[in-house]
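Enquirer: kindly generate the corresponding structure for this input.
(chains A and B)
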Amino acid sequence: MSTITIDGIEVPFEAGQTIMDAALAADIYIPHLCHKPGLSPHGSCKLCTVDVDGRAVSACTLPAAEGQKIENNTPALNEVRKTITQMLFVEGNHLCPSCEKTGDCTLQAVGYHLGMLDGHFPQFYPRRTVDASHPTLVLDRDRCIMCELCVRASREIDGKDVFAISGRGTDRQLIVNSPTGKLADSDIETDDLAAHICPVGAILIKDHGYEVPIGRRTFDLHSVAETDLGEVKLTKVRHHDE
Amino acid sequence: MTSPYQLNQVDHLLHVLFDEQQKSLHISNEAITTIAAQLKLPRAQVESVVDFYSFFHRTPRGRFDIMFSNCTSCGDLKLMQQLCERLQVKPDKTRADGLVSIGHTSCIGMCDHGVSLLVNGITLTSISAQQIDQMAELIEAETALSDWPAGWFRVGNNIRKEGLLLASSFEPGAALKAMAGRNADALLEEITASGLKGRGGAGFGTGMKWKFCREAQSDTRYVVCNADEGEPGTFKDRILLNSHADTVFEGMTICGSIIGAKQGYLYLRGEYRYMLAALENTLQQRRQSGLLGNNILGLGFDFDIHIVIGAGAYICGEESALIESIEEKPGIPRIRPPFPVTQGLWGQPTVVNNVETLVAAARIVLHGHHWFESSGTWQSKGSKLLSVSGDCARPGIYEYAFGITVNEILNDAGAEHVQAVQIGGPAGRLIPADHFEHRIAFEDLATGGSFMIFDHSRDLLEVIHNFARFFAHESCGFCTPCRVGTTLLKNGMDKICNGHGTAHDVDELSRTAALVSRRSHCGLGMTAPNPIRDGVKYFPELFEARLLHKEMEPEFNLDASLEEARNLTHRNDAEAHL
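Expert: As a prediction, this is how the structure comes out:
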């Protein structure tokens, strides 16, 4: 069987797998935000940046190839990832203590995992809009990290095309594919994966606030580095709708 | 992804949006809905394209919409300010009567012409302070652009030195005729043997690129000419498209016949729209002469070319972003691999070549590889067109055999007291005087052709600041390091240039720059920090001289932050300041 080496550990892979696929299958955590098994890889958040034979690449998009020597969990790379996480925090408006998603937020959990204690950079304080038009969903762009998980979930799993990213540079924003640009006029439904996949609190289900007390939420009890966590989270989210 | 879709130029989203912008002076929500329905595209795709490209606007611009270049070579925002004051309008705000709006845009490729601008998308060059007053009068009188002095719109070639490509004339069809009796393998071997490498800057072997594309499994292939010449300080493709368009199209046609493509696209930057009519005319003449279309010159192959025009996005010079743009999407660089040679336009194998590369390829087929490889160095065959601009007596196009030193070029251009040269544009290298014996070559100073000269009268820190603003504006925003990092770098340069920086801020800049260079998704992010990194490395004294010598200066400028409150209360007295 073909293998790659991640931090000195031999990891098997099958043809067609990325470095991320192979790592997750072997229970090796590579930090990531824009990646979700089952959706096409994106490579935009760059948290999964690893060094392959000295070259910086995204683990979620680069196909695994025989003999690759990969550095992943090193102090230098985790410092880079911490800086990238800080960049994501300061470019948006992330007010964790008052956010319903706190404790269940993957951005926050990655921050915990990487030992991030502050935003480091000056805040950008962007002005972004909220879309509360939908009866059961709310879109709070202040918290959006442009991972496009909802964009891909809608297209690839839900068979719809509800979301897109518009604009350029720091003016990028999540938009809704509807005649008015409002969520209420789109064909999104509460059961769609796109309504639940947001790793932060940008897309939330209405009328289900604070059901699980702070201190008992996903990342209060688990580390983001537990590689089977995706399943745990999706089960938990489904519970909200029942 | 096998789409037999053939793009109709008239219905291309970018072209439809341009027409709407010209007609309605903006793209309204209703227009987005209508255009989406008309072109059968998702509404969100149309909206994201409108918001991505700089030349489309969601709020109305003036009937005279003026964009000054903000390039260090073809821009001068003092003249923009002068015109704003003369017409009583604030930058980027449309005047209440809807007559005029004035703003600025990234380099428009007129660096050999002094201060230049776009008015309703058309290029106007060599502007002086006196002209600004005259322009203001023409605008106030609502004089149609066709009645403005014709000389204002003149764009010259300014060829200062001719070499391998520019010196000899080219008869349309000559290279195609030279193909007769030679099969594709022999022609490919000719290109490969010449040692021709891509002229966009990256320097990938042209013969190898064509070979990969030819060998990729598919029934459909495409040839794309990258004429999105957006690197500040570069204008050599402008000259080639203006005076050697036949050679460019012939290079595309030859490539098509070798790789087995029937369709080519020329992606022209929006700033070069003024050349569109002439280029279309050349294409039409070639069709009439049997140099495009079915069974070209009886050689047994079909090929035609469409032109797609960009709308103000530097990133579209990146080949996969350019392909996305031709596919009517925002110019977001794709994940690589796969590379365009195997999965490019509509998922089909695609060759993307620079204008100059295609000109050289056509000439190589005509004259043979020996003619080409006899010039240049052992790793850089042939010649390079350089766009020389900035502080020199003779800005313009210089064609040299590879291996020329920076000093020789500076002498030819009549540059004196040179402080630094920016080789390859802001994405290239900023070099100090003790590097001027280095040579233009892939193995030494690689360049797409931009050569910007800064003498000792220039505030070099302000030049670096300009480049930092450029990249923050042009980052597509797809990946975190470049989206956030280029803005952090700009903000850091703002702070230092405004006299609020400390040694700590320079360290922070260096740390962020290193991360953005190494961890970004594409070449834009990887090269965006170059001016700052070279500046800190070669000109540390310039940063040092501007720094406050104290431990820490807060990011938060309290007095500046009170500006909004002062505006709201209509106060500007001493008590309202700290």
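Enquirer: show me the domain layout of chain A.
Expert: The record's domain split for chain A, according to automatic domain parsing, is A:3-73, A:92-241.
Enquirer: pull the CA atoms of stretch B:168-187 into CSV?
Expert: The C-alpha coordinates for stretch B:168-187 follow below in CSV (Å, rounded to 0.1, in the frame of the first residue of the first chain):
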residue,chain,number,x,y,z
SER,B,168,11.6,42.8,-38.7
SER,B,169,8.3,43.2,-40.4
PHE,B,170,5.7,40.4,-40.6
GLU,B,171,3.5,39.5,-43.5
PRO,B,172,0.1,38.2,-42.2
GLY,B,173,-0.1,34.5,-42.9
ALA,B,174,3.7,34.2,-43.4
ALA,B,175,4.2,31.9,-40.4
LEU,B,176,1.1,29.8,-41.3
LYS,B,177,2.5,29.4,-44.8
ALA,B,178,5.8,28.2,-43.3
MET,B,179,3.8,25.4,-41.6
ALA,B,180,3.1,23.7,-44.9
GLY,B,181,4.6,20.3,-45.2
ARG,B,182,5.6,20.2,-41.5
ASN,B,183,3.6,18.0,-39.2
ALA,B,184,2.6,19.0,-35.6
ASP,B,185,5.4,16.9,-34.1
ALA,B,186,8.0,18.8,-36.1
LEU,B,187,6.5,22.2,-35.3
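Enquirer: now for residue B:214: which residues touch it?
Expert: Contact analysis of residue B:214 by CB atoms under 8 Å, 6 or more residues apart in numbering or on different chains lists B:184, B:188, B:221, B:258, B:259, B:260, B:349. Where C-beta positions appear, they are placed from N, C-alpha and C, glycine not excepted.
Enquirer: tell me the buried residues in the one helix or strand it maps to?
Expert: Taking DSSP states H and E as the definition, residue B:214 sits inside helix B:206-215. Neighbour-count burial for helix B:206-215, counted by 16 or more other CB atoms under 10 Å in any protein chain shown, picks out B:206, B:207, B:209, B:210, B:211, B:212, B:213, B:214.
Enquirer: so how far is residue A:119 from residue A:91?
Expert: The gap separating residue A:91 from residue A:119 is 10 Å, by CB to CB, to the nearest Å.
Enquirer: so between these two, which is more surrounded?
Expert: residue A:91 (25 against 16; other CB atoms under 10 Å in any protein chain shown).
Enquirer: touching, that one and residue A:170? I think so.
Expert: Yes - counting by CB atoms under 8 Å, residue A:91 touches residue A:170, with 6.2 Å between them.
Enquirer: and the helices in chain A, which stretches?
Expert: Taking DSSP state H as the criterion, chain A carries its helices at A:19-25, A:75-91, A:106-113, A:149-152, A:218-221, A:229-241.
Enquirer: could you identify which of these is most buried?
Expert: Highest mean neighbour count among the helices of chain A (mean count of other CB atoms under 10 Å in any protein chain shown): helix A:149-152, with a mean of 24.
Enquirer: ok, and what's touching that one?
Expert: Outside helix A:149-152, the residues within contact range by CB under 8 Å, 6+ apart are A:34, A:36, A:39-40, A:42, A:162-165, A:174, A:194-195, A:197-199, A:202-203.
Enquirer: what's the PyMOL syntax to select whichever of those residues are buried?
Expert: Those of these that count as buried under 16+ other CB under 10 Å are selected in PyMOL with:
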select buried, chain A and resi 34+36+39+42+162+163+164+165+174+194+195+197+198+199+202+203
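Enquirer: dump the residue contacts of the residue nearest the centre of chain B.
Expert: With distances taken as CA atoms, centre = their mean, residue B:230 lies nearest the centre of chain B, 0.5 Å away. Residues in contact with residue B:230 (CB under 8 Å, 6+ apart) are B:106, B:107, B:109, B:269, B:271, B:313, B:314, B:316, B:317, B:474.
Enquirer: circling back: want to throw the helices of chain A into a markdown table with distance to residue B:380 and mean pLDDT?
Expert: A markdown table is the format used below for those (distance: least, CB to CB, whole Å; pLDDT from 0 to 100):
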| stretch | distance to residue B:380 | mean pLDDT |
| --- | --- | --- |
| helix A:19-25 | 35 | 96 |
| helix A:75-91 | 34 | 98 |
| helix A:106-113 | 45 | 96 |
| helix A:149-152 | 43 | 98 |
| helix A:218-221 | 54 | 90 |
| helix A:229-241 | 50 | 43 |
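Enquirer: can I get the ones you listed in CSV with distance to residue B:516?
Expert: Formatted as CSV, those follow (distance: least, CB to CB, whole Å):
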stretch, distance to residue B:516
helix A:19-25, 22
helix A:75-91, 10
helix A:106-113, 20
helix A:149-152, 24
helix A:218-221, 29
helix A:229-241, 30
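Enquirer: okay, now the unreliable bits of chain B?
Expert: Along chain B, the model assigns pLDDT under 70 to residues B:1-8, B:551-552.
Enquirer: in it, which spans are strands?
Expert: Assignment of strands within chain B using DSSP state E yields the ranges B:64-69, B:100-105, B:117-119, B:122-124, B:159-161, B:222-227, B:263-268, B:304-309, B:350-354, B:383-390, B:396-401, B:418-423, B:429-432, B:450-455.
Enquirer: ok, back up a step: now the angle from the helix holding residue B:214 to strand B:350-354?
Expert: Angle of helix B:206-215 versus strand B:350-354, following axes from the mean of the first three to the mean of the last three CA atoms, to 10 degrees, is 160 degrees.
Enquirer: alpha carbons only: can I get helix B:206-215 in PDB?
Expert: Only the C-alpha atoms of helix B:206-215 are listed here, as PDB (Å, rounded to 0.1, in the frame of the first residue of the first chain):
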ATOM      1  CA  THR B 206       6.300  26.900 -24.100                       C
ATOM      2  CA  GLY B 207       7.000  23.800 -26.000                       C
ATOM      3  CA  MET B 208       6.500  21.700 -22.900                       C
ATOM      4  CA  LYS B 209       3.200  23.400 -22.100                       C
ATOM      5  CA  TRP B 210       1.900  22.800 -25.700                       C
ATOM      6  CA  LYS B 211       3.000  19.200 -25.500                       C
ATOM      7  CA  PHE B 212       1.200  18.600 -22.200                       C
ATOM      8  CA  CYS B 213      -2.000  20.100 -23.600                       C
ATOM      9  CA  ARG B 214      -1.700  18.100 -26.800                       C
ATOM     10  CA  GLU B 215      -1.300  14.900 -24.900                       C
END
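Enquirer: just want the angle from it to strand B:222-227.
Expert: Angle, helix B:206-215 to strand B:222-227, by the same axes, to 10 degrees: 150 degrees.
Enquirer: please tell me how far whichever residue of the stretch 301-450 of chain B sits closest to chain A sits from residue A:57.
Expert: Closest residue of the stretch 301-450 of chain B to chain A, CB to the nearest CB: residue B:335 (4.7 Å). Separation of residue B:335 from residue A:57 (CB to CB): 11 Å.
Enquirer: any idea how far residue B:453 lies from residue B:541?
Expert: To residue B:541, residue B:453 is 20 Å away according to CB to CB.
Enquirer: looking at the two, which is more packed in?
Expert: residue B:453 (25 against 8).
Enquirer: chain neighbours aside, what residue packs nearest to the more buried one?
Expert: Distance criterion CB to CB, 6 or more residues apart in numbering or on different chains; nearest residue to residue B:453, sequence neighbours excluded, is residue B:390 at 3.7 Å.
Enquirer: list the contacts for that neighbour?
Expert: Contacts for residue B:390 (CB under 8 Å, 6+ apart) come out as B:72, B:73, B:111, B:233, B:415, B:422, B:452, B:453, B:454, B:455.
Enquirer: residue B:235 contacts residue B:110, correct?
Expert: Yes - between residue B:235 and residue B:110 there is a contact at 6.8 Å, judged by CB under 8 Å.
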